[in-house]
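> Sequence first, then the predicted structure, then my questions.
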Amino acid sequence: MKKLGSYQLSLKEYKNIFQILYKPLCLFSNTYVESLEASKDIVQDVFIKIWEDKVEFQSEACIKSYLYTAVKNKSLDYLKSKRYKSTDYFSSKKMEDLKTDAFFMREVVVLETSVIIEKAINTLPNKCAQIIRLSAKNFTNPEIADRLNISINTVKAQKKIAYKRLKPLLKEHFILIAVFFT
């Protein structure tokens, strides 16, 4: 890959980036438009545009930043559109809040953090991962035990195993995760 000058994605790189970033970008767009279907359309439109226009990037690192910014702008355009305005009321104050850099950065951090955490959880044994996901959704130990048809002691033991395994995996992302949960 070129590091200097302009850089255009090969078909293989384009497909790889699409596979990696499609879902996170849809979730990111959804924080603006609050419609998963509209979010999917927005993200697809952005990917189609960069392919059709043969958008060139200064480096590989610029691609992710470009995509998040493009999805944000396309989401805001969607909210301003006549079609959206005719079906939903969106206050101008709310619209201004969505345009701020603070909102944009907060949503990117939340999304990136959730991707990091999900990757770490995916390394856990299946039952452990299920328990941690339910715990993250604020289920209590008795609720988790009831839902998974296991004992509360099993829930506690599995959580202990999960935390022990997740701690070294997430250690380098501690600050990002701390921001996410505050």
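Received the coordinates, thanks.
> Do me a favour and average the pLDDT over the helix or strand where Glu13 lies.
Per DSSP states H and E: Glu13 is located in helix 11-33. Across helix 11-33, the average pLDDT comes to 87.
> Kindly export the host helix or strand of Glu37 (C-alpha atoms) in PDB.
Assessed by DSSP H and E, Glu37 sits inside helix 36-52. This file holds the C-alpha atoms of helix 36-52, laid out as PDB (Å, rounded to 0.1, in the frame of the first residue of the first chain):
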ATOM      1  CA  LEU A  36     -31.900   1.100  11.200                       C
ATOM      2  CA  GLU A  37     -33.300   0.800   7.700                       C
ATOM      3  CA  ALA A  38     -32.500   4.400   6.800                       C
ATOM      4  CA  SER A  39     -29.100   3.900   8.400                       C
ATOM      5  CA  LYS A  40     -28.400   0.900   6.200                       C
ATOM      6  CA  ASP A  41     -29.400   2.900   3.100                       C
ATOM      7  CA  ILE A  42     -27.200   5.800   4.100                       C
ATOM      8  CA  VAL A  43     -24.100   3.600   4.700                       C
ATOM      9  CA  GLN A  44     -24.600   1.800   1.400                       C
ATOM     10  CA  ASP A  45     -24.900   5.100  -0.400                       C
ATOM     11  CA  VAL A  46     -21.600   6.200   1.100                       C
ATOM     12  CA  PHE A  47     -19.800   3.000   0.100                       C
ATOM     13  CA  ILE A  48     -21.300   3.200  -3.400                       C
ATOM     14  CA  LYS A  49     -20.300   6.800  -3.800                       C
ATOM     15  CA  ILE A  50     -16.600   6.200  -2.800                       C
ATOM     16  CA  TRP A  51     -16.500   3.300  -5.300                       C
ATOM     17  CA  GLU A  52     -18.200   5.000  -8.200                       C
END
